[in-house]
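Visitor: Build the 3D model from these lines:
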Amino acid sequence: MSRLPVEQQDALMQKAVEKRLDIEVKAAEAEQAYSNFERETDETVHQVRELGKTGMDITAKYHGRTASGGWEVEVRKSNYTLYIVVAAIVGIVALIYLVR
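Guide: Below is the predicted model:
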């Protein structure tokens with residue numbers, strides 16, 4: 001490097017500084033994306049737990065992105081579907097029986 005003219009030395013130093021800055025920016029973006037991923041994951045778990053406390057059938061879809069890819073989760077809760085179907089069938093049979 002010391003054999004290069006001063007202008008080329010300055011140009012190489014400028015490129016090195018720019019590359020280092022780019023690397024630092026990308027590292028900060030990756031760290032922010034990871035923090036967002038952790039926060040979104042925690043929020044998703046909390047929401048699923050809260051929805052699980054309801055007596056309703058639910059389908060919830062969550063997705064997010066990280067610096068290296070993405071994630072997607074689909075949660076379904078249908079504990080009461082069987083009871084509703086049985087109650088509907090019993091109601092229909094009772095209605096038919098009463099109509100006759």
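
Visitor: What segments of the protein are helices?
Guide: All helices of the chain, identified by DSSP state H, fall at 6-52, 81-99.

Visitor: Which pLDDT value belongs to Tyr97?
Guide: For Tyr97, the model assigns a pLDDT of 64.

Visitor: low-scoring stretches of this structure, by residue?
Guide: 1, 65-68, 79-100 (pLDDT under 70).

Visitor: got the buried residues for stretch 36-46?
Guide: By 16 or more other C-beta atoms under 10 Å, the buried positions in stretch 36-46 come out as 37, 40, 44. Quick note: C-beta positions are derived from backbone N, CA and C, even for glycine.

Visitor: and the second one, how far is that from Val75?
Guide: Looking back up the chat, that one is Glu40. Using C-beta to C-beta, to the nearest Å, Glu40 is found at 14 Å from Val75.

Visitor: Dump the helices of the chain to JSON lines, plus distance to Gly64.
Guide: Output for the helices of the chain, formatted as JSON lines (distance: least, C-beta to C-beta, whole Å):
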{"stretch": "helix 6-52", "distance to Gly64": "5"}
{"stretch": "helix 81-99", "distance to Gly64": "29"}
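
Visitor: Of those helices, flag the one that's most buried.
Guide: helix 6-52 (a mean of 11; mean count of other C-beta atoms under 10 Å).

Visitor: And that helix, what does it pack against?
Guide: Using 3 or more C-beta pairs under 8 Å, 6 or more residues apart in numbering; DSSP states H and E, the elements in contact with helix 6-52 are strand 58-66, strand 69-77.

Visitor: Name the residues that touch the last one?
Guide: In other words, strand 69-77. The contact list for strand 69-77, computed with C-beta atoms under 8 Å, 6 or more residues apart in numbering, reads 37, 41, 44, 48, 51-52, 54, 56-65.
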